[in-house]
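# Sharing a sequence plus its predicted fold:
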Amino acid sequence: MRAQLTTLAAASAATILLAACGSGEEGGGSAASGERAGEGTGDSCTIEAPVPIGAVLSLTGAAASYGESQQKGLELAAEELAEKEGVTYELTIEDDQTDPRQGITLFDEFVTSDVSLIIGPTLSNAAVQADPIAQEAGVPVLGISNTAAGVTEIGDYIHRNSLTESAVIPQTIAKATEEYGLEKVVVMYSNDDAFTESGFEAFSGALEDEGVEVAEEITFSKADTDFRALLTQAKESQPDALVVSALIEAAIPLVTQARELGIDVPIIGGNGFNNPRLMADAGDAAEGVVVGAAWNSSSDNPENQAFLEAFEAKYDAQPDQFAAQAYTGLKLVDEAVRSGCSADREAIKEALGGLENVPTVLGEFSIDENRDAVHPAVVQVVQDGKFTVLE
Amino acid sequence: MLLEYATPLTFVALGAIFAYSFYAVLIAGQLSLGQAGFASVAAFSAAALAPGREEVGEVPALLIAVAIGMTVGALAAVVLGLPTMHLRGVFLAIATLGFAEAVRVVLLNSEWTGGAQGLAVPRILTLGMAWTALAVVAYWFWRMGRSRYGRALEAIREDELAARSMGIDVGRHRLAAFVTAGAVAGLYGVLFAYYVRLIAPNDFDFAAAVEGLVTAVVGGSTMFLGPLLGSGFQTMVPEIQRAVGVEAGWIRPFLASLLLLVVILFLPGGLASLLPRRTRMPASSGKDDEDGDGRSHLATRRHPGAGETVAALTALGKEYGGVHAVRNIDLEVRAGEVVGLIGPNGAGKTTLVNMISGLVPPSSGGATVLGVTIGRTPVHKVASAGVSRTFQHSKLFNRLSALENVLVGGHLVSRPTFLRRLLWLPSARRDEQAALEQAARCLRRVGLADSAGIRASALSYGDQRRLEIARALASDPSLLILDEPAAGMNHVEAAKLSTLIRSLAADGLTILFIEHNVGMVLETCTRVVVLNFGEVIASGTPEEIAADPAVIEAYLGTEDDEPVTGSIAEGTLADPTGGDPDDVAPDAVINVHPGAAGTLDPPDTTPRNAT
């Protein structure tokens, strides 16, 4: 045991030494230079110097599938913006490898390299870790996929254009309850993912508000692919619907296997289900899946139609919500820059906070006083292999 | 500017601390993946229990959190270590990995950890604090390196069985290394939490554990600077790729992995193998006599007086699945004797000395060696009673220098120096110096003084045998057991060895040795015991044995055989059983085949039933 005591002794010695060396070293980046102010407003705005924008996305690692969609959305938007006169953007997309250390490092680098604004990061957890760096340095941030509560509470420089789960899900549950007369449901969710877990919490609250009984709560891992045993268990409760908070990777086998087992009741999914892969991979099994979403993919507003067309032309694939929100994000940044005709960090911050009723892919878009997104959410149901608005 | 790189440099320090938690066990040859679990449980406990910075101030809050984290990490290591310490290699890796995964799942499903969404933690850690912590951890391992404790861990890594025979309590040392790993991993977990602001159980998953292990191995797991180099490498590769302008995406992890592969392939010892490693040999003080002043710093052992019983065997037997390797041996060895143990291959000689040195428990009968009852006493206890041995197949600590090998041999007679080395106490220096002088004396005694700095594995075969003797001598034993020390030695070397053994006996050391070179045995020993088929067939003075017909029969066959010219006793006839040592039946303890003794051919070429 002597050596263990030795260990502890040195450990305490280490802590004493640590104390000697504690001093705040948070260095704020230099403020953006004044050259970035231009002349004119809106479409006539002209800014001499290019406007550097940093984007931190998870292009590799666990969240790579979302990051890739976002990258496509951003690049498409950047291409379109490059054709507009007056303001040129220098978009730098960096990969945080779904690793908090990389996310923090990248934010730090963007802050010191004088970007006008940072887009991202992909995951809400990463946002909680990295956004404070931008807040302290006074760099505006636009989250394009952070849905967890509390992200924008980090500070007045942090904005997002992604509706929170708590904005979308109550609407979904209310609509579904009305439509299908839900009385008793089974809730299934993967409890090892921040996104799906917060989705579950939103579902629980909404179900309680609607007075729907939760017969059973079943958890699984985001890496699971075989849900037959869990679904059999769920079936025994004879629910009016399955409420599922899962990522698309789990959603596809879950939906497929539920139908195989003869569960014909509606399956109500969270944001993770809002992906064209659901219909592509689950096929007929996806019929009747109800998805609350921040983006109505079948919306016929002109911005959305143009986006769908341009995206398909460029990538030969259908966009998902992540691409739509990323695309919208950069367009909103352009809107904010042009409205004040300045790419100063402070000016962008002010302009972003004041965005109101901007026509976007996501519909009429505003930023509220908490710097959260306000735009219509939509409740969709899969019919004939397509998302259609549930009415 | 340093501040510009504050973030990556902080992560270099954090990564290095985590890698040190792997280094702490790798140095003792343990492959553990449980450190992610220790770090996780420590980080969450500290974040949940430590007071906020508003209450006590930033730095005290962090210090309290660190204290909680390291304690929790160490406790978790004890809890995991006690049941798993008997596991080795990949089995330990799997068990510890299972632990880390269990921790992750429990934390994910606990209310107080915030589940998958994690727990918010204030950022307190700064670049300076991270590097201070790293400096302390690195200092710890630096001072450990050349202490008695550090050498014992290295010896366990190189050859656990030999380490046991040198009197090292392997179980305790391994557990201590494991607990150190737990505390360091706990430190990492807390510092990480207080830098990244939000911790989630998934931050400490399998991938994190593997990354820590890779960092330690890439840096080098045998040199205390290794983890730091590894972390610098791992953290800076993405930075450099960004700076060079490699486009984000899959190509970066691919390049990083490729670079990792190159390092592992071409630097198997890790990046630290690029650093020169110096070995010291104490300046010869010219005092070769045993009473030099170095002696006073070494523990002294009371040796049994001449004629006292050193080992007493009564009806000792060993059976492997029905095959009697050794049966019914009664033998008494008295202090000052040089007992030679001869007999054909498979006669049970090595099994017998393995029992005497405590490596193999007897299946029948009993024995007392230097007051210790063998069979129930662990090997290191037998060694600390004064038994020291060499092995039939050299079991040296291959990656250690000759001098370090002998220093480990002196484990039992030197004092623990690690704690005092941490504080730079002069007494530690004196003790280390004494141990060094003792080791140097032993090396000189076997004639290896000039090879002190050479790795054991690089020595010639004959030198390796002599090094083993020097290592065995370093513990100042009362009973020295030599298992075929002259195997592979030429005529001249064997003669020198014989002289050495006699001089050791003249110093009052009791020696039991197995040898195939019968001539050498007859001229060196005071008494010879002959074994065949596990039984004593003759015992007596060299002269009696040389004339004993039973011995001649066992070695040469019956008198009906064609006449043999020359005599074994004169050493002019090649011993029929003492061939190339590589051909010798591997009956060293780790290689025991049940029944091996029974399948060996008798040494004579004539069938026994020919008469």
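Nice, thanks for sending it over. Residues are numbered from 1 along each chain as shown, chains lettered A, B, ... in the order given.

# a helix runs through B:Pro362, doesn't it?
No - B:Pro362 is assigned coil when assessed by DSSP: H, G, I helix; E, B strand; the rest coil, not a helix.

# who in the stretch 51-200 of chain A is up against chain B?
Residues of the stretch 51-200 of chain A that fall close to chain B, judged by CB under 8 Å from any CB of the partner chain: A:59-60, A:93-95, A:97, A:100-102, A:104-105, A:108-109, A:112, A:124-125, A:128-129, A:132, A:148, A:191-194, A:196-198. Using the backbone N, CA and C atoms, a C-beta is placed for each residue, glycine as well.

# Return the subset of those lying in strands.
Of those, the ones assigned to strands by DSSP state E are A:Ile93, A:Glu94, A:Asp95.

# can I get the CA coordinates of stretch B:158-167 in CSV?
Extracted C-alpha coordinates of stretch B:158-167, given in CSV (Å, rounded to 0.1, in the frame of the first residue of the first chain):
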residue,chain,number,x,y,z
GLU,B,158,10.2,-7.5,-19.0
ASP,B,159,9.8,-10.8,-17.2
GLU,B,160,7.3,-11.3,-14.4
LEU,B,161,8.6,-14.6,-13.3
ALA,B,162,12.1,-13.5,-13.0
ALA,B,163,10.9,-10.3,-11.1
ARG,B,164,9.1,-12.6,-8.6
SER,B,165,12.3,-14.6,-8.1
MET,B,166,14.1,-11.4,-7.4
GLY,B,167,11.8,-10.8,-4.4
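
# and it, how far from the chain's centre?
Going by CA atoms, centre = their mean, to the nearest Å, the spacing between the C-alpha centre of stretch B:158-167 and its chain's C-alpha centre is 5 Å.

# where do the helices sit along the stretch 251-391 of chain A?
Ranges of helices within the stretch 251-391 of chain A are A:277-282, A:302-315, A:321-340, A:345-353, based on DSSP state H, counting those that start in this stretch.

# which one of those lies closest to A:Val139?
With distances scored as CB to CB, the stretch of the helices of the stretch 251-391 of chain A nearest to A:Val139 is helix A:345-353 (5.6 Å).

# The one helix or strand B:Ile240 maps to: which residues count as buried?
Assigned by DSSP states H and E, B:Ile240 falls within helix B:226-244. The neighbour-count check on helix B:226-244 (16 or more other CB atoms under 10 Å in any protein chain shown) flags B:226-239, B:241-242 as buried.

# how many neighbours does residue 247 have?
All of this refers to chain A. Residues contacting A:Leu247 under the criterion other CB atoms under 10 Å in any protein chain shown number 23.

# if you could check chain B rather than the one you did, that'd help
Using other CB under 10 Å, B:Glu247 has 12 neighbouring residues.

# That one falls within a helix, correct?
No - under the criterion used here (three-state DSSP), B:Glu247 is coil, not part of a helix.

# Tell me the spacing between it and A:Asn146.
25 Å (CB to CB, to the nearest Å).

# again, but for A:Lys331
A:Lys331 is 18 Å from A:Asn146, where distance means CB to CB.

# And those two? Which one has more around it.
Taking neighbours as other CB under 10 Å, A:Lys331 and A:Asn146 compare with A:Asn146 leading, 28 against 23.

# For the more buried one, give me its contacts.
For A:Asn146, the contact set (CB atoms under 8 Å, 6 or more residues apart in numbering or on different chains) comprises A:Pro121, A:Leu123, A:Ser124, A:Ala127, A:Arg160, A:Ser162.

# how about it, secondary structure?
coil.

# Tell me the pLDDT of it.
Note for A:Asn146: predicted pLDDT of 91.

# who's in contact with A:Gly40?
Applying CB under 8 Å, 6+ apart, we find A:Gly40 in contact with A:Thr46, A:Gly86, A:Cys341.

# can you list these in a markdown table and add neighbour count?
Formatted as a markdown table, these follow (neighbours: other CB atoms under 10 Å in any protein chain shown):
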| residue | neighbour count |
| --- | --- |
| A:Thr46 | 12 |
| A:Gly86 | 17 |
| A:Cys341 | 21 |
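
# Over to whatever residue of the stretch 201-350 of chain A ends up closest to chain B. Which of the three states is it?
Per CB to the nearest CB, A:Thr219 is where the stretch 201-350 of chain A lies closest to chain B, at 7.9 Å. Put simply, A:Thr219 is strand when judged by three-state DSSP.

# Would you list the phi and psi of the closest residue to it other than its chain neighbours?
Leaving out its chain neighbours, the residue that sits closest to A:Thr219 by CB to CB, 6 or more residues apart in numbering or on different chains is A:Asn191, at 4.3 Å. As for A:Asn191, its main-chain torsions (degrees, to the nearest 10) stand at phi -100, psi 10.

# Burial check on residue 160, number of neighbours?
Since you didn't name a chain, this refers to chain A. A:Arg160 - counted by other CB under 10 Å - has 25 other residues nearby.

# wrong one, I was asking about chain B
For B:Glu160, using other CB under 10 Å, the count is 18.

# close to chain A, is the following helix or strand past the helix holding B:Ile240?
Later in the chain than helix B:226-244, the nearest helix or strand by DSSP H and E is helix B:251-266. Yes - contact of helix B:251-266 with chain A (CB under 8 Å from any CB) involves B:Arg252, B:Pro253.

# and the contacts of A:Asn146 as CSV, adding distance to B:Val79 and pLDDT?
CSV is the format used below for these (distance: CB to CB, whole Å; pLDDT from 0 to 100):
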residue, distance to B:Val79, pLDDT
A:Pro121, 36, 95
A:Leu123, 33, 90
A:Ser124, 33, 88
A:Ala127, 35, 94
A:Arg160, 43, 95
A:Ser162, 43, 93
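
# Can you spell out the domain ranges of the chain, please?
No chain in the question, so chain A it is. The record, using automatic domain parsing to delimit domains, assigns chain A the ranges A:41-163+A:301-376, A:166-293.

# wait, I meant chain B there
Following the assignment in automatic domain parsing, chain B carries domains at B:3-272, B:309-386+B:477-610, B:400-476.

# Same list, those domains, but as a markdown table with mean pLDDT please.
A markdown table is the format used below for these (pLDDT from 0 to 100):
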| stretch | mean pLDDT |
| --- | --- |
| domain B:3-272 | 92 |
| domain B:309-386+B:477-610 | 77 |
| domain B:400-476 | 91 |
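
# With respect to A:Gly67, which of those lies nearest?
domain B:3-272 (9.4 Å).

# Now do the end-to-end distance for that closest one.
Distance between the two ends of domain B:3-272: 27 Å, counting by CA to CA, to the nearest Å.

# now swap in stretch A:335-348 and tell me
Stretch A:335-348 has an end-to-end distance of 10 Å (CA to CA).

# what does that stretch contact?
Outside stretch A:335-348, the residues touching it (CB under 8 Å, 6+ apart) are A:31-32, A:34, A:36-43, A:45-47, A:49, A:51, A:86-87, A:116-117, A:138-140, A:333, A:350-352, A:354-355, A:358.

# Using ChimeraX, make a named selection holding only the buried ones among these.
Those of the contacts of stretch A:335-348 that count as buried under 16+ other CB under 10 Å are selected in ChimeraX with:
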select /A:32,36,37,38,45,47,51,86,87,116,117,138,139,140,333,351,352,355,358
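
# Just the ones of the contacts of stretch A:335-348 in strands?
A:Val51, A:Leu117, A:Val358.

# Roughly how far does the residue nearest to the second one when sequence neighbours are not counted sit from chain B?
With CB to CB, 6+ apart as the criterion, A:Leu117 has its nearest non-adjacent residue at 4.8 Å, and that residue is A:Pro140. The spacing between A:Pro140 and chain B, counted by CB to the nearest CB, to the nearest Å, is 19 Å.
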